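S.K.: After the sequence you'll find the predicted model.
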Amino acid sequence: MTPNAKDRTLELHNVSRSFGATVALDDVSLTIASGEIICLVGQSGCGKSTLLRMIAGVDTVDGGRILLNDQEISGPAHFVEPEDRKIGFVFQDYALFPHLTVEQNIQFGLKRRSKQEAAARTADVIAHIGIAHLKGRYPHMLSGGEQQRVALARALAPQPDILLMDEPFSNLDRGLREKVRDETLSLLRGLGTTVIMVTHDPEEALSAGDRVVLMKAGKIVQAGSGYDLHDRPVSPYAAEFFCAFNRISGVYRNGHVETAIGRFAQVLDARDGTPSMLYIRPQGITVSRGPGDFSGEVKNRTFLGEVEQLAIAVKGLEQPLQVRTMHRLPSGIETVGLTVLPDSWLVFPAA
Amino acid sequence: MISAVRSWPKGRAGARWLLGAGAVACLVMLPIAALFLQAIQGSAGLWSHLASTVLPTALVDTAILLGGVGLITAVLGTSTAWLVTAYAFPGRRVLEWALLLPLAVPTYIIAYAYLDILHPIGSMQGAVRWLLGYSSPREFRLPDVRSMTGCILLLGFVLYPYVYIPTRAMFLTQSANLIDASRTLGISRRAVFWHVALPLARPAVAVGVSLALMETLNDVGASEFLGVRTLTVSIYTTWITRTDLPGASQIALSLLMVVVALVAFEKWARGKQRYSTGAQRSRAFEPRRVSTAKGLALFSAGLLPILIGFGAPAIYLVNEAWKRIEFAGLSSRFLSEAFNTIVLASAATIITVLFGLLVAYASRLRPGAATAWLQRLSTLGYAAPGTVVAIGVLIVLATVDGFIDRTAAAWFGVSTGLLFIGSGAALLYAYSVRFLAISAGGIDAGLARIPVSFDHASRVLGQSAAGTFRHVHLPLSKAAITAAGLLVFVDCVKELPATLLLRPLNVETFATHLYGEAARGTYEEASIAALAIVVIGILPVILLSRMGQARH
């Protein structure tokens, strides 16, 4: 490892890439500090995996530059081959070589070291990740979780400064996924590795990263902490990516939006009379048998376990409100009182 | 096109592979380009001479031959494919692979064998006369096999597997669900064939027929033995007997036009149909059980093309070869031919596989319009008949040889003579041009089964592009490379027209020896050579039948 490895920063400046007529990345700029864990999140085809491949150097940029520690690694002036970047990669399908054993797979990236060093390092990683019992097996003999760990071990063996992970947990069963994710991330935090991880799962993005980068159609929509993106989304797209809001149309007036269910305070950079959209979180509405701020009729109840989802028809609204509540309503109740909790709504100008 | 420019290397890894693939494509294009130049240079008078003498008969004969062979292979290939897919009867599994066997018999060998089997005073005709009560060939004889009809029939019975293979695959993979669906919609089993299965299989039939017709165009032996003056035969005689290179290249160019027309026909016959296999694994077609009597009839029907296309000639060759060996043993001449055949085919296989690796791996490293075009250009030779390739190679290397000779004479005062043409390098060149499509295609298919993430993983883990090839792709595509090599090897052994035109002086292979004896009308050791070719030709049949089984 180079002495200043801990200070390595990765900078992307106006990176663009298109495949034929499709624009995969459109003028993306981002700076990632050493030791940070970044989650790239977005729907499939938003360019997040392409961005990962550019950073790894297995694909080239059409425009813009990528700098690692102030050195250009992709751009018009220089291109550093992927094998010379010291960047690790865990692939979505793990890409374990089927003709090599677990141990040989892990050793694959240590060709530049002496035999003894390589063997010692392999043993080290195998012990650290706890896969000693798998080392003589071939990839097809491993379960999904085991393959994931081997892929991680292989990527970490050459001690990369930056580790890229493309949907590393999406191939695992639901119960196993959280466990493996927590283990993996605490291990990586312990090593102080810079991690850039791609996911399409909003929950995973919010929980795993120090910083979340939401992408759409090759552009960054918003970057910030999980709280920022969830609580203070900059656009309706960002808002709805992380939460299934109730949308109610209204009109902006005097720092409030006026709707069929009342006035909601929110200062917009808009003139009075602008059509606006009120976004209310399903868990931001309380239900009571007594009167609330307004009333509605329960049309449908879906029991989800910890919470119950209610569809409540409200006079003046086209769509029933979706409400998530832990408060168990007795059956047979039809008319309920509803109250919107503070800080559980957002307002955007109508598109 | 923009993407092609953008994906051009900026000194990135893979640039050298791309250059290599470009060089291979140039090597392949060179003979065809030379052919054009040579044909254009030929005097205008020659064209009108050709147009009035050789071309009319040759074109008409070629057209009739193509039409006849196309019809027979389409009917035989489709019906046998339907037979073994749609009906369950004892022996069906055997027929499934045995129907491939005629592939092992090159066109010139089936013609050679039947010329003797059906000879007016041969045992076959004798048996027919005895059955019918005639005593001499003057009273009764079967129609002469040396005719257009004979040629069409014989070529049809060895070339139908080209249609059988893709059509059966199509029946197996595509139709099952659709056929079930149409039966629930009230269409009878018989009508299903005409209204669903056959229209669905049309692209496969078109591909198969066009391959069979390319083989027909490539054939020089059968047509010549059977007295059919095709374009291919005309090229050969124009060069061999009249040493008229411009004339030969002009006929070769006409032949190339026929090939282009053939490719256009295939595109047209496929129509707009682009069938993709459904996302879910399609169920295997459920064949229908039939009664024992009907099963026996079906089995016999399926056996007939195998007997005609493989059984009879194989038995004949074994018998003749056995008699010959018993009589005279294996001559040293035969052994030297075996040596020549194997050395030439092996050398060509090594070159072709290396070129194929280069082309296939370059497209893997830099997928895009540039490599797609390189791959298309480098596999062009497969569509060109052997004679066309040979004439093209002849023009190129004669120029190169002449240049080297003049340079050597001017600088060192020695004459090098025909350096390339005399040494057999010309033949290796022609083989590689012609069979590069097999090797590049096979290797490409093998590489396609390796996920791209493996390449990326290897690069990120510190291997260069070449290292990735050595440590990841090579071990994982060994089987595909070996199979491609085997196919190339066998095709080199069977190849006749280019071998005839380009072999070094006094070098005989199995194929040329057989041709020589058959052309002279002698039947000495040729049967052993023919048998050797058929035995080697069975290797890819085994490979193909195993691939067919793996699909189930």
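M.R.: Structure's in. What do you need? Residues are numbered from 1 along each chain as shown, chains lettered A, B, ... in the order given.
S.K.: May I ask you to confirm that residue B:481 belongs to a strand?
M.R.: No. Residue state for residue B:481 (DSSP: H, G, I helix; E, B strand; the rest coil) corresponds to helix; a strand is not indicated.
S.K.: OK, contacts around it?
M.R.: Residue B:481 makes contact with B:353, B:357, B:442, B:443, B:446, B:474, according to Cβ atoms under 8 Å, 6 or more residues apart in numbering or on different chains. In this view, the C-beta of every residue, glycine as well, is placed from N, C-alpha and C.
S.K.: and the closest residue to chain A within the stretch 451-552 of chain B, how many neighbours?
M.R.: Each residue of the stretch 451-552 of chain B has a distance to chain A, by Cβ to the nearest Cβ, and the smallest belongs to residue B:461, at 3.3 Å. The local packing count at residue B:461 equals 28, with neighbours defined by other Cβ atoms under 10 Å in any protein chain shown.
S.K.: how near is it to residue A:163?
M.R.: Here the criterion is Cβ to Cβ, to the nearest Å. By it, residue B:461 lies 12 Å from residue A:163.
S.K.: hey, what's in contact with both of these two?
M.R.: Common neighbours of residue B:461 and residue A:163, using Cβ under 8 Å, 6+ apart, are residue A:155.
S.K.: Let's verify residue 227: helix, strand, or coil?
M.R.: Went with chain A since none was named. Reducing the assignment at residue A:227 to three states with three-state DSSP gives helix.
S.K.: sorry, should have said chain B
M.R.: coil.
S.K.: Now do the contacts for the residue lying closest to it once chain neighbours are set aside.
M.R.: Using Cβ to Cβ, 6 or more residues apart in numbering or on different chains and skipping residues adjacent in sequence, the residue nearest residue B:227 is residue B:146, 4.8 Å away. Under the criterion of Cβ under 8 Å, 6+ apart, the contact partners of residue B:146 comprise B:115, B:225, B:226, B:227.
S.K.: Which single one of the residues you listed is nearest to residue B:527?
M.R.: Proximity to residue B:527 was ranked across those by Cβ to Cβ; first place goes to residue B:115, at 12.0 Å.
S.K.: In helices, which of the contacts of residue B:481 appear?
M.R.: Secondary structure assignment by DSSP state H places B:353, B:357, B:442, B:443, B:446, B:474 of those in helices.
S.K.: Buried among those residues? Need that as a selection in ChimeraX.
M.R.: One line in ChimeraX is enough to select the buried ones among the ones in helices among the contacts of residue B:481; burial here means 16 or more other Cβ atoms under 10 Å in any protein chain shown:
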select /B:353,357,442,443,446
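S.K.: near chain A, from the ones in helices among the contacts of residue B:481?
M.R.: Taking Cβ under 8 Å from any Cβ of the partner chain, there is no overlap between the ones in helices among the contacts of residue B:481 and the neighbourhood of chain A.
S.K.: Next, give me the two most distant ones among the ones in helices among the contacts of residue B:481.
M.R.: Using Cβ to Cβ, the pair of the ones in helices among the contacts of residue B:481 lying farthest apart is B:442 and B:474, separated by 14.5 Å.
S.K.: Okay, helices next: where are they in the stretch 401-550 of chain B?
M.R.: B:419-423, B:425-448, B:452-460, B:465-468, B:474-476, B:478-494, B:497-502, B:510-520, B:526-550 (DSSP state H, counting those that start in this stretch).
S.K.: Likewise for the stretch 101-250 of chain A?
M.R.: Taking DSSP H, counting those that start in this stretch as the criterion, the stretch 101-250 of chain A carries its helices at A:102-107, A:115-129, A:144-156, A:174-191, A:202-208, A:226-231, A:236-242.
S.K.: want to throw those helices into CSV with mean neighbour count, mean pLDDT and distance to residue A:51?
M.R.: Supplementary listing: those in CSV, determined by neighbours: other Cβ atoms under 10 Å in any protein chain shown; pLDDT from 0 to 100; distance: least, Cβ to Cβ, whole Å:
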stretch, mean neighbour count, mean pLDDT, distance to residue A:51
helix A:102-107, 23, 94, 26
helix A:115-129, 16, 92, 27
helix A:144-156, 23, 92, 18
helix A:174-191, 14, 88, 19
helix A:202-208, 19, 91, 14
helix A:226-231, 18, 92, 17
helix A:236-242, 19, 93, 17
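S.K.: Whatever residue of the stretch 51-200 of chain B ends up closest to chain A is in what secondary structure piece?
M.R.: When distances are taken as Cβ to the nearest Cβ, the stretch 51-200 of chain B approaches chain A most closely through residue B:173, which lies 24.7 Å from it. Under DSSP states H and E, the secondary-structure element containing residue B:173 is helix B:161-184.
S.K.: what helices or strands is that helix leaning on?
M.R.: For helix B:161-184, the packing partners by 3 or more Cβ pairs under 8 Å, 6 or more residues apart in numbering or on different chains; DSSP states H and E come out as helix B:54-86, helix B:189-192, helix B:198-218, helix B:526-550.
S.K.: Report the inter-axis angle for the first one versus helix B:198-218.
M.R.: Same thing as helix B:54-86. Note on geometry: by axes from the mean of the first three to the mean of the last three Cα atoms, to 10 degrees, helix B:54-86 and helix B:198-218 are set 140 degrees apart in direction.
S.K.: just checking, what packs against the helix or strand just after helix B:54-86?
M.R.: Of the helices and strands lying after helix B:54-86 in sequence (DSSP H and E), the nearest is strand B:87-88. With contacts defined as 3+ Cβ pairs under 8 Å, 6+ apart, the packing partners of strand B:87-88 are strand B:288-289.
S.K.: Tell me the strands beside the strand it packs on, with direction?
M.R.: strand B:87-88 (parallel) (DSSP bridges).
S.K.: helix or strand right after the strand it pairs with?
M.R.: helix B:92-98.
S.K.: OK, contacts around the closest residue to residue B:119 other than its chain neighbours?
M.R.: In this structure, residue B:119 finds its nearest non-sequential neighbour in residue B:125, 6.9 Å apart by Cβ to Cβ, 6+ apart. Applying Cβ under 8 Å, 6+ apart, one finds that residue B:125 lies in contact with B:118, B:119, B:137, B:141, B:142.
S.K.: Separate out the buried members of those residues.
M.R.: Buried by 16+ other Cβ under 10 Å: B:118, B:119, B:141, out of these.
S.K.: does the second one sit in a helix or strand, and which one?
M.R.: If you go by DSSP H and E, residue B:119 is not part of any helix or strand.
S.K.: show me what contacts the residue nearest to the spatial centre of chain B?
M.R.: Centroid-nearest residue in chain B, with Cα atoms, centre = their mean: residue B:215, separated by 5.3 Å. If you count contacts by Cβ under 8 Å, 6+ apart, residue B:215 has them with B:107, B:155, B:159, B:162.
S.K.: Then residue A:54?
M.R.: Contact criterion Cβ under 8 Å, 6+ apart gives A:12, A:15, A:17, A:25, A:60, A:61, A:66, A:74 as the residues in contact with residue A:54.
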